[in-house]
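Asks: Need coordinates for the following:
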Amino acid sequence: MGTEERFGPFLRRVRTEKGLTMGDVARALEVSVVYVSDVERSRRDPFVKEKMVKVAALLGIDIATLETKAALARGKVSLPMKKVPARAREAAVALGRGDFPSAFWDDFVELTKKYEEA
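Replies: Purely as a prediction, here's the structure:
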């Protein structure tokens, strides 16, 4: 992960910058304050997708940022393979191997940004 801020510390930093308490987050997610505290201190895995969507909205941050940090914390990306076309599944598996040159990743990221903007 290098120097990139982990999921829990990122969540805590953004929450406090927004002036919210762990109780505010816990109520929004319908979980205990202890659970939020454990996630922020990296004692528990990052929130599941449904809770990440809610916390992203609450904190006014991009869900993709949270999903990326969660994937880094878990050491894997979870994809709903049954819901995507066969070619997308093939691409996901190929990306999972990660054996592409650095230039490929730069091009890939730019391509996905263009697609999201369209």
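
Asks: and residue 13, what helix or strand is that in?
Replies: helix 7-17 (DSSP states H and E).

Asks: Buried residues, that helix. List them.
Replies: Burial within helix 7-17, assessed by neighbour count using 16 or more other Cβ atoms under 10 Å, is assigned to 7-8, 10-12, 14-15. To be clear about C-beta, it is placed using only N, CA and C from the backbone, and glycine gets the same treatment.

Asks: going on from that helix, what's the next piece of helix or strand?
Replies: That would be, after helix 7-17 and using DSSP H and E, helix 22-29.

Asks: got a list of contacts for that following helix?
Replies: Residues from elsewhere that reach helix 22-29, judged by Cβ atoms under 8 Å, 6 or more residues apart in numbering: 15, 32-33, 35-37, 40, 47, 51, 54-55, 58.

Asks: Quick one: name whatever helix or strand follows it.
Replies: helix 33-40.
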